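Trainee: Provided below for reference: sequence and predicted model.
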Amino acid sequence: MTPLRWLLLLLPLGQVAAGPSGAGLRSLDEPDPARDARVAWHREARFGCFVHWGVYSALGNEFEGRQGGTYAEHIMRVLKIPRATYLERVVQPFNPEQFDAEAWVKLMHDAGMRYLIITSKHHDGFAMYPSTVSDYNITVTRFHRDPMAELSAACRKYGLKFGFYYSHAFDWEHPDAPGNDWDYDNPGGDKNRDDAQWWKGRRPDFLPQARRYVDGKSIPQIRELISKYHPDILWFDTPSKLPPEENRRILEAVRAAGPDVVVNGRLLGNYGDYQNTADRPAYCPDTPGHWEGIPTTNESYGYSKFDHSHKPVGQFIQLLAISVSKGGNMLMNIGPKGDGTIDAPDQAILRGIGEWMDRYSASIYGCDRTPLPVQNWGTSTLKGHQLYLHVFRWPADGRLLVAGLKSDPRSVQPLGGKFATWHRVSADDLELTLPAVAPDAADSVIALDFAGEIATDRARLLAARNEPTVLHVFDGRLTGSGLHYGDAKRNNDVVNDWPDAAGAVEWPVRVAAPGRFKVTINYSTAKPDQGGTYLLEVAGQTLTGQVTATSKPGDFRTDEAGEIALPPGAHTLVIRATQVAGGNLMRLRQIEFTPLP
């Protein structure tokens, strides 16, 4: 199975097959010069800020002494707060007196972000601007300003592109919209979450109501946002709450009202301007085409006073480099407080990224996917005939092996560091001699300039420099039927479904010299009754192993699969099931090769 199949699996059931007919819309698989022109700035920008901010932010994920779930912006649904109570206790008192649009945008600008997407209406149905379509908007709060207009103006001042998140399908205040099953008897909520397509399943009778909502609120507010604020991008979510035909009508309305507006990939299957991957990615799959991942600084998108799980600055710097190296953008989310200020940990993360971008932004803006294979020390990005090496793990001996690089550079220069030299160790590999100390603790960048096209070998070099080599499943290829990638969130950067022996995972690999390796695999199982046996094959050598079930999906274990001797040359490494118990072999994350003396 290709990485594209991984993307399609993230789309709601029914969205992919039900493409628009007669709508004049082109899928991402079809050439579209208009789309290429629309999305050009987005590809160049590479780094943006996602902001989840609404009336729910003032709660900090707590209401009347009760705590909400992982996503603070979902507190109305999680705690089943009645619409009337939400209006009286949450909406009307909202008053972010310390909101300063210019301070927000300057912080983002200084972090190196090139675009901002803000929640204009989230799933609670509340418009964070003065809407003439619905009176459920910012004018009924104690805050008598238009924060969307202020942010738009600040973005123009600082040169950021500006756009909106709009929850077009999920709307918990509207009696005709999917989602609210505690005030109304509406589908698409928690009561029947297993009913993926309510219009074909339990509630086809609700379809006329859903269409009234789309015609009466969703499409009119989207048109209103386009005409009032002239956004550069619109970001849609949860399309599985509506039938594909309704999502198609919404996309057609966007194209008619704003032909130049970029649309993300979640509205209608494969018919946006770029692919959307998973929320909160822990690692990036090798996704075809242009795409965007949306990591969060902690675990919640909206502000939660209980969530102190903020990741280190270096993790975002490295994730940004990895995203660009695989042709994608990083849209990093923050959740400002209800008083209008950005939480101190988020500010620290943005400033830390900004310090790195001050020195290394040339290796991000306008760059694209690398021609090199995955490297043990980090990743690389490409701009024209210039290759930027992003070194996450600086070599202690100052010798950096660049595996798979066949072309000779005209120059090698560490950005912000001292001059480096190079020499060729083989026709396929080049070694740099670097200063002893890394210029940056998280990601030091080295620029290699070439006279023309860069020739490479995409096979992964095993055990380069006698170091362990980790083969992540997202850098491999799924074959056969039934295997699915996980959604890339923490503890789900795995093969999620492995139902039988028909499927396998493959990696092209290369060995420079004969050697013997210890092989380990890292995995978990979704349920205690799952497991089975597997076969690992490479260069005519085989290892067999038994999967030991784990108590829950997040309990990963590392098993030694055995030792294997490999001759020099190019090979294909394959791991396949030989027997499956409980419907799923394992949730494989990676295989590691460690050279033996």
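Mentor: Received the coordinates, thanks. Numbering: from 1, shown residues only.

Trainee: going by C-alpha atoms from here, please, whenever you check contacts or count neighbours.
Mentor: OK.

Trainee: how many neighbours does the residue lying closest to residue 386 once chain neighbours are set aside have?
Mentor: Nearest residue to residue 386, sequence neighbours excluded (C-alpha to C-alpha, 6 or more residues apart in numbering): residue 449, at 4.6 Å. Close neighbours of residue 449, defined as other C-alpha atoms under 10 Å, add up to 19.

Trainee: okay, and the beta partners of residue 449?
Mentor: residue 386, residue 411 (DSSP bridges).

Trainee: measure it to residue 162 for me?
Mentor: 34 Å (C-alpha to C-alpha, to the nearest Å).

Trainee: again, but for residue 445
Mentor: For residue 445, the distance to residue 162 - C-alpha to C-alpha - is 29 Å.

Trainee: can you list the domains in the protein?
Mentor: The chain breaks down into these domains under automatic domain parsing: 3-24+37-359, 378-458, 466-595.

Trainee: helices along the stretch 301-450 of the chain, start to end?
Mentor: 313-325, 344-360 (DSSP state H, counting those that start in this stretch).

Trainee: check which residues of the first one are buried.
Mentor: The one in question is helix 313-325. Going by neighbour count (16 or more other C-alpha atoms under 10 Å), the buried part of helix 313-325 is 313, 314, 316, 317, 318, 319, 320, 321, 322, 323, 324, 325.

Trainee: TSV for the residues you listed, including pLDDT?
Mentor: Shown next, in TSV, are those (pLDDT from 0 to 100):
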residue	pLDDT
313	98
314	97
316	97
317	98
318	97
319	96
320	97
321	97
322	96
323	95
324	97
325	97
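
Trainee: low-confidence regions, the stretch 1-150 of the chain specifically.
Mentor: For the stretch 1-150 of the chain, the stretches flagged by pLDDT under 70 are 1-23.

Trainee: meant to ask about the chain
Mentor: Scanning the chain for pLDDT under 70 picks out 1-23, 194.

Trainee: so where do the helices sit in it?
Mentor: 3-10, 33-45, 75-78, 83-86, 101-110, 147-158, 207-213, 219-229, 244-257, 313-325, 344-360 (DSSP state H).

Trainee: so which of the helices of the stretch 301-450 of the chain comes closest to residue 58?
Mentor: helix 344-360 (15.8 Å; C-alpha to C-alpha).

Trainee: could you dump the closest one to CSV, C-alpha only?
Mentor: Extracted C-alpha coordinates of helix 344-360, given in CSV (Å, rounded to 0.1, in the frame of the first residue of the first chain):
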residue,chain,number,x,y,z
ALA,A,344,3.7,31.6,28.7
PRO,A,345,5.0,28.1,27.6
ASP,A,346,3.6,28.7,24.1
GLN,A,347,5.4,32.1,23.9
ALA,A,348,8.7,30.4,25.0
ILE,A,349,8.3,27.8,22.3
LEU,A,350,7.6,30.4,19.6
ARG,A,351,10.6,32.5,20.7
GLY,A,352,12.9,29.5,20.7
ILE,A,353,11.9,28.5,17.2
GLY,A,354,12.4,32.1,16.2
GLU,A,355,15.9,32.1,17.4
TRP,A,356,16.7,29.1,15.3
MET,A,357,14.8,30.5,12.2
ASP,A,358,16.9,33.7,12.5
ARG,A,359,19.9,31.7,11.5
TYR,A,360,18.5,28.9,9.4
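
Trainee: now what about that helix, what contacts it?
Mentor: Helix 344-360 is contacted from outside by 107-108, 110-112, 297, 310, 312-314, 316-317, 334, 415-416, 445, using C-alpha atoms under 8 Å, 6 or more residues apart in numbering.

Trainee: buried members of those into PyMOL, please.
Mentor: Remark: buried members of the contacts of helix 344-360, expressed as a PyMOL selection using 16+ other C-alpha under 10 Å:
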select buried, resi 107+108+110+111+112+297+313+314+316+317+334+415+445
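
Trainee: nearest to residue 376, of the contacts of helix 344-360?
Mentor: Checking these one by one against residue 376 (C-alpha to C-alpha), the nearest turns out to be residue 445, at 14.9 Å.

Trainee: isn't that closest one up against residue 414?
Mentor: Yes - between residue 445 and residue 414 there is a contact at 5.9 Å, judged by C-alpha atoms under 8 Å.

Trainee: Serialize the domains of the chain to TSV and add fields for distance to residue 30.
Mentor: Output for these, formatted as TSV (distance: least, C-alpha to C-alpha, whole Å):
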stretch	distance to residue 30
domain 3-24+37-359	10
domain 378-458	25
domain 466-595	23
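
Trainee: out of these, which is closest to residue 365?
Mentor: domain 3-24+37-359 (5.6 Å).

Trainee: in stretch 59-78, what's buried?
Mentor: Quick answer for stretch 59-78 (16+ other C-alpha under 10 Å): 59-63, 67-68, 70-77.

Trainee: closest to residue 597 among those residues?
Mentor: Nearest to residue 597 among the buried residues of stretch 59-78 is residue 70, at 47.1 Å by C-alpha to C-alpha.
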